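Peer 1: Coordinates for the following, if possible.
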Amino acid sequence: MGGVAVTAPGTTVVVDGTGKEAPAWLRWVRLAARVRVEEARGDWRGRPGGVHGEMDALAADLPLSTGKCRDADALAAARAAALADPAFGRLVRECGLDPRGCEWLALLAAVHIDPRWERLLGYLSDDPRPVAATPATAALFWRWPPGTQPGPASPLVRWRLAAPTDARLWAATSPWAIDPDVAGYLCATADWWRFWDGLELLEDSGAECLFPDLRDEMLAVARSLSDRRAEIELTGPPGSGRRSLLARLCRELGRRPLLVTDPGLGVRALRTARLLGATLLEVTEPDTARLTLEPVQEDPSGRPPTRLSWTLPGIESGARLRLWSQHTDCPAPRPVREWSMTPAEVLAAAAAAPAGPRAVASVVRRRLGELSSALLSPVRCPYGWSDLVVPDGVLEQLKGIESQVRMSGEVLDEWGFARLTTGSRGTTALLAGASGTGKTMAVQVLARSLELELYRVDLAEVVNKYIGETEKRLSQVFDECERSNVMVLFDEADALFGRRTQVRDAHDRFANIEIDYLLQRMESFDGVAVLATNRKGDLDPAFLRRIRVVVDFPAPSPVERRRLWEAALPELGADGRPVSQDVDRSWFATELEMTGAEIKAVVLSAAFLARSEGRLITTGHLLSAARRELAKRGAVLRAVPAVTR
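Peer 2: From the prediction side, this is the model:
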């Protein structure tokens, strides 16, 4: 049928003239069909034409009947041959089909590959029209005992091999259909398992293992559990190498990994893995992948699977550079050398390497994602090191922070000093000092020098009166900053990182819980965090111990104030013309003990005052602005330069 030339049992069956032998299960069904047709025709012999003539034409290619006894022997032999067929036999064993299930599945597969079988089923049902494959027609075809019918608990249904196709479901007259990929498997169709999206057989790429220690640890555990079902989970962000490591582990155990990215496949995925002799590797959550290892031998104990879980660490700078060099000859740019990147991000950056460093940085930034949280606000970074006026000791400490961030991978990974950290690879710093001494500017300079975007935590949005909500929002802040590789600034840090108090009521207890959470999260933070405060004494001492660098910003000295006055009030404006006249900057630097922020405010106020008068900035304008600025903190300006007396 369907272009199939069939000769007597035991001879070659040619399919579509390709020389390919029909599978044993199909020969079995055809032989059963011939026997049933001969039985039906016996009742109608001598009535020419009509449906009987069509059945004669259909039966012309089927093996001749040899009598009832010999037919039964031939059918038994054909059944045995079908069960010995590698594909059909494996499906029967893996899915636990009973004899009736084998017969029903074989008939459904025959109807699927050649719809003319529906004419034969109609003939056997004494109906001149085509009849769909139903449990009722199957009972006629296979001579099932009364009441035999596959139900929802049958292996056929549990394994999604076949199912009813209409709303009547389990009625005897409800049509059934075989899963298309199962039919393809039985017919030895190439890549039959690709019928469903979300399945992929992972081949060995030959790439270097980025996590050899973790691989060896998991391999030892998996081998020790070879006598039972085990589930090995790896957690980590998308692109971190979870699937690659589990696939490598699977191959080293002598198995083929079948990747499942569509959780909706469910039993179909497990069925496909069993028929392929593969092992399921599933992406169960956005950050979790799981390898399901079946026991080497059947486990009759019925024990639940043993589940083991590991967290995938970030790849070290050396591994990033090796991965980069495997895919491009271009020199590794700074993000690859210094930023915390996943293997997928390194590969995406390597693909953009021929376009230059700017393209690489753009690709990396786009893959890291933009921060969209309402809890963070971006901060512009227009200043460089030359704009920062601080004592030499402070400048040296700030440069030290920059070096720690830049050389984190070299020191922690290449020199092996990661063992001295308590689980965090991040850099944390506290900048303390009076308002206006340059703390915020220093953070902006650091971020610009490190080529990191700077975000300030919005305390008004983070702190919430509802229990547990503040911790939840802080967790979101830390997670987003780690993922996006940005610098986070906690301005007015004493508001969040204050001292724990003695518990007198529930409010004190929950406030202390918030501080405890911050202590733990700061200790595990893998990014760059800077705290700024003008009330260092109000911080909890436990925070100071966990912060790697503490920089105290003193009030500027006269020398530093002179530099600040010269930077704020240059001789010439942007158009190249003078902006001031007769201003003794040395006097202002010596006599007025002001911070950098106050000096900027004085100069800006004087500039507006002078401009409103249509004049250049004079000492008088500056003195007037200085009096107003000093009055903000209750100070009075008494001394004036000689030129104004």
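
Peer 1: hang on, T292 packs against E282?
Peer 2: Yes - counting by Cβ atoms under 8 Å, T292 does reach E282; the two are 7.2 Å apart. Yep, even glycine has a C-beta here, placed from its N, CA and C like the rest.

Peer 1: higher neighbour count, the two?
Peer 2: Per other Cβ atoms under 10 Å, whichever of T292 and E282 has more neighbours is E282, with 25 against 20.

Peer 1: just checking, that one is part of a strand?
Peer 2: Yes - judged by DSSP: H, G, I helix; E, B strand; the rest coil, E282 forms part of a strand.

Peer 1: Mind jotting down where the helices sit in the stretch 251-400 of the chain?
Peer 2: Under the criterion DSSP state H, counting those that start in this stretch, the stretch 251-400 of the chain contains helices at 267-276, 317-327, 334-338, 343-351, 357-368, 392-406.

Peer 1: buried ones in the first one?
Peer 2: Neighbour-count burial for helix 267-276, counted by 16 or more other Cβ atoms under 10 Å, picks out R268, A269, L270, R271, T272, A273, R274, L275, L276.

Peer 1: Check the shortest one too.
Peer 2: Applying a neighbour-count criterion of 16+ other Cβ under 10 Å, one finds P335, V336, R337, E338 buried in helix 334-338.

Peer 1: Correct me if wrong: the third one contacts E316.
Peer 2: Meaning R337. No - assessed by Cβ under 8 Å, R337 is found out of contact with E316, at 11.3 Å.

Peer 1: any common contacting residues for the two?
Peer 2: By Cβ atoms under 8 Å, 6 or more residues apart in numbering, R337 and E316 have these common neighbours: G409.

Peer 1: what domains does the record give for this protein?
Peer 2: Following automatic domain parsing, one gets these domains for the chain: 4-189, 199-311, 318-367, 376-553, 558-644.

Peer 1: Show me how far the second one is from its chain's centre.
Peer 2: Distance of domain 199-311 from its chain centroid, counting by Cα atoms, centre = their mean, to the nearest Å, is 16 Å.

Peer 1: neighbours around A374, how many?
Peer 2: By the criterion of other Cβ under 10 Å, A374 has 10 neighbours.

Peer 1: which residue packs closest to it, ignoring adjacent ones?
Peer 2: Once flanking residues are discounted, A374 sits nearest to E461: 5.8 Å by Cβ to Cβ, 6 or more residues apart in numbering.

Peer 1: Return the set of buried residues in the lengthiest helix in the chain.
Peer 2: With residue count as the measure and DSSP state H as the assignment, the chain has helix 24-44 as its longest helix. Going by neighbour count (16+ other Cβ under 10 Å), the buried part of helix 24-44 is 24-38, 40-41.

Peer 1: what bits of the stretch 151-300 of the chain have low per-residue confidence?
Peer 2: The model of the stretch 151-300 of the chain has pLDDT under 70 over residues 299-300.

Peer 1: So which residues of it form strands?
Peer 2: Using DSSP state E, counting those that start in this stretch, the strands of the stretch 151-300 of the chain run over 162-164, 176-178, 199-201, 230-235, 256-260, 278-285, 288-293.

Peer 1: what do you get for the stretch 501-645 of the chain?
Peer 2: Counting by DSSP E, counting those that start in this stretch, the stretch 501-645 of the chain has strands at residues 528-533, 549-553.

Peer 1: Apart from its neighbours in sequence, what residue is nearest the residue nearest the centre of the chain?
Peer 2: The residue lying closest to the centre of the chain (Cα atoms, centre = their mean) is P238, at 2.2 Å. Once flanking residues are discounted, P238 sits nearest to P286: 6.2 Å by Cβ to Cβ, 6+ apart.

Peer 1: And for the one you found, the neighbour number?
Peer 2: Using other Cβ under 10 Å, P286 is surrounded by 7 other residues.

Peer 1: That one contacts G236, doesn't it?
Peer 2: No - P286 lies out of contact with G236 (Cβ under 8 Å); the separation is 10.3 Å.

Peer 1: Run a quick neighbour tally on L323.
Peer 2: By other Cβ under 10 Å, the residues close to L323 number 22.

Peer 1: Spit out the contact partners of it.
Peer 2: Contact analysis of L323 by Cβ under 8 Å, 6+ apart lists A207, E208, L210, I315, P343, V346, L347, A350.

Peer 1: Switch those residues over to CSV; also include neighbour count.
Peer 2: As requested, those are exported to CSV (neighbours: other Cβ atoms under 10 Å):
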residue, neighbour count
A207, 14
E208, 10
L210, 23
I315, 23
P343, 22
V346, 26
L347, 17
A350, 20
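
Peer 1: Any buried residues in stretch 207-221, and which?
Peer 2: Residues C209, L210, F211, L214, R215, M218 are the ones in stretch 207-221 that count as buried (16+ other Cβ under 10 Å).

Peer 1: Find the helix or strand that P145 is a member of.
Peer 2: According to DSSP states H and E, P145 maps onto no helix or strand at all.

Peer 1: Begin at 403, not 1, for the rest of this chat.
Peer 2: All set: I'll call the first residue 403, so the last point we hit is now P547.

Peer 1: Could you pull up phi and psi at it?
Peer 2: Dihedral pair for P547: phi -60, psi 160, per degrees, to the nearest 10.

Peer 1: what's the spacing between G666 and R950?
Peer 2: Distance, G666 to R950, using Cβ to Cβ, to the nearest Å: 47 Å.

Peer 1: And the two? Which one has more around it.
Peer 2: Shown here are G666 and R950; by other Cβ under 10 Å, R950 has more neighbours (15 against 10).

Peer 1: With W741 as the reference, measure out to the more buried one.
Peer 2: 19 Å.

Peer 1: do P554 as well
Peer 2: Relative to W741, P554 is positioned 54 Å away (Cβ to Cβ).

Peer 1: A1041 now?
Peer 2: For A1041 relative to W741 (Cβ to Cβ), the value is 52 Å.

Peer 1: more neighbours, those two?
Peer 2: More crowded of A1041 and W741, by other Cβ under 10 Å: W741, with 23 against 9.

Peer 1: isn't the more buried one right up against V888?
Peer 2: No - when contacts are counted by Cβ under 8 Å, W741 is not listed as touching V888 (10.4 Å).

Peer 1: Can you redo the strands of the stretch 553-702 of the chain as JSON lines, where the extra columns are distance to R760?
Peer 2: As requested, the strands of the stretch 553-702 of the chain are exported to JSON lines (distance: least, Cβ to Cβ, whole Å):
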{"stretch": "strand 564-566", "distance to R760": "56"}
{"stretch": "strand 578-580", "distance to R760": "56"}
{"stretch": "strand 601-603", "distance to R760": "34"}
{"stretch": "strand 632-637", "distance to R760": "34"}
{"stretch": "strand 658-662", "distance to R760": "35"}
{"stretch": "strand 680-687", "distance to R760": "33"}
{"stretch": "strand 690-695", "distance to R760": "34"}
